[in-house]
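Q: one predicted model, sequence on top.
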Amino acid sequence: MNMKRPVRKAVIPVAGNGTRFLPATKAMPKEMLTIVDRPVVQYAVDEAMQAGIENIIFVTSRNKTAIEDYFDSAPELIATLTRSGKTVQVTQLEKMLPLAGTVSYTRQQVPLGLGHAVWCARELVGDEPFALLLPDMVSYGRKGCMAGLMELYEEVGGNVFAVEECAPEETSSYGVIGVGRSVNHGLEVTGMVEKPKPEDAPSNYYLNGRYILQPEIFDLLASQERGAGNEIQLTDSMQKLLNVQPFHAHPYTGRTFDCGSKRGFIEANVAFAMLRSDMGEDIYNSVKDLLDMHEKTRVKAA
């Protein structure tokens, strides 16, 4: 078995209901909420393409057509902008539009968890390794997280995923790995567990939502029993695959914001806004002013 075949396809699950962002997500997919002026899902697509991915596979559900429309052409809008002389905006829209035939969609009809969502993409992925990017997890650093993951995959093959360190008391919020010896630019993975209690966690390295997996994972997901949250957990099937195939972890040196939470979403907006040349300094000064105001209010209240 060749376990270093090129990774050409990426699966991006976008079928979730986004209940933590109600009422906003009553009318729009959570993946279309914007970080500054780009929807969350755009960051995942850009990261995949920058890492050399050629085809994007979205796993959708009902009421997600806004995502399909977003990654489609908009000739009326382009014509209006062109007539108005807004060439910068036209260039931006044309640049983010995927090439024809490079984006596919499949449905997850029943919300049975991440493992089931990945399994729904099996026919489009076929018998080849694939990348998996969870769009809620937005990476922030000099280099995209998936690009670093691809570099590790080219060195070791098999199955790889990105990890970051969390505070030991926070392990119950994540999938956590057991760590073996260092290998090239990564770590050997000895085990993994979904949302362990701090006292049971094998380490404080957590899965940050970026994976490269071999296609054998689909057979395991097909028969996977429901686990945590009464859902089909991807981590459970990866644990079984670990018994027969190697897994390595890429410690990501940037930071990942969990934009599925309100706190992470707001933090991401502030962080990415401060990176912008057209607003970064103003946002930085505004944050400082808000912190000063908050401190004065807190002191008065005390």
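A: That came through fine. Residues are numbered from 1 along each chain as shown.
Q: tell me the mean pLDDT over the helix or strand where Gly115 lies?
A: Secondary-structure element containing Gly115, defined by DSSP states H and E: helix 114-119. Across helix 114-119, pLDDT averages out at 93.
Q: so after it, what's the next helix or strand?
A: Using DSSP H and E, the next helix or strand after helix 114-119 towards the C-terminus is helix 122-125.
Q: tell me the buried residues in that following helix?
A: Buried residues in helix 122-125, defined by neighbour count with 16 or more other Cβ atoms under 10 Å: Arg122, Leu124, Val125. Just so you know, the C-beta spots here come from the backbone N, C-alpha and C atoms, and that holds for glycine as well.
Q: reformat the residues you listed as a markdown table; add distance to Gly18 and pLDDT.
A: Compiled in a markdown table, these are given as follows (distance: Cβ to Cβ, whole Å; pLDDT from 0 to 100):
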| residue | distance to Gly18 | pLDDT |
| --- | --- | --- |
| Arg122 | 25 | 95 |
| Leu124 | 24 | 96 |
| Val125 | 25 | 96 |
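Q: dump these into CSV; add distance to Tyr211 as well.
A: Compiled in CSV, these are given as follows (distance: Cβ to Cβ, whole Å):
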residue, distance to Tyr211
Arg122, 15
Leu124, 16
Val125, 13
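Q: ok, Gly18 touching Lys26?
A: No. The pair formed by Gly18 and Lys26 falls short of the contact definition of Cβ atoms under 8 Å, at 9.1 Å.
Q: one step back: closest one of the buried residues of helix 122-125 to Ile78?
A: Ranked by distance to Ile78 (Cβ to Cβ), these are led by Leu124 at 28.9 Å.
Q: returning to that earlier point: who's more crowded, Gly18 and Lys26?
A: A side-by-side neighbour count of Gly18 and Lys26, using other Cβ atoms under 10 Å, places Gly18 first with 18 against 11.
Q: okay, Met1: pLDDT?
A: 54.
Q: same thing with Ala10?
A: With respect to pLDDT, Ala10 has a value of 97.
Q: any idea how far it lies from Thr65?
A: Taking Cβ to Cβ, to the nearest Å as the measure, Ala10 falls 21 Å from Thr65.
Q: which one of these two is surrounded by more residues?
A: Taking other Cβ under 10 Å, Ala10 and Thr65 do not tie; Ala10 has more neighbours (28 against 11).
Q: what are the pairing partners of the helix or strand hosting the more buried one, and which direction each?
A: Using DSSP H and E, the secondary-structure element containing Ala10 is strand 9-13. Sheet pairing of strand 9-13 (DSSP bridges) gives strand 55-60 (parallel), strand 130-133 (parallel).
Q: and stretch 242-259, how far out from the chain's middle?
A: Mean C-alpha position of stretch 242-259 versus that of the full chain (Cα atoms, centre = their mean, to the nearest Å) differs by 12 Å.
Q: start and end of it, how far apart?
A: Stretch 242-259 has an end-to-end distance of 29 Å (Cα to Cα, to the nearest Å).
Q: just the strands in the protein please.
A: Under the criterion DSSP state E, the chain contains strands at 9-13, 34-35, 38-39, 55-60, 103-107, 130-133, 137-140, 159-165, 175-183, 186-194, 205-213, 247-251, 255-258.
Q: who does the fifth one pair with, and is each partner parallel or antiparallel?
A: Read that as strand 103-107. Checking strand 103-107 against DSSP bridges gives partners strand 55-60 (parallel).
Q: put the alpha carbons of the strand it pairs with into PDB.
A: The C-alpha coordinates for strand 55-60 follow below in PDB (Å, rounded to 0.1, in the frame of the first residue of the first chain):
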ATOM      1  CA  ASN A  55     -10.600  19.900  -5.300                       C
ATOM      2  CA  ILE A  56     -12.900  21.000  -2.400                       C
ATOM      3  CA  ILE A  57     -15.700  18.800  -1.300                       C
ATOM      4  CA  PHE A  58     -18.300  20.400   0.900                       C
ATOM      5  CA  VAL A  59     -20.600  18.200   3.100                       C
ATOM      6  CA  THR A  60     -23.800  20.300   3.400                       C
END
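Q: looking at the buried residues of helix 122-125, which is nearest Glu154?
A: The shortest separation between Glu154 and any of the buried residues of helix 122-125 is 19.4 Å, and it belongs to Val125 (by Cβ to Cβ).
Q: thanks a lot, see you next time.
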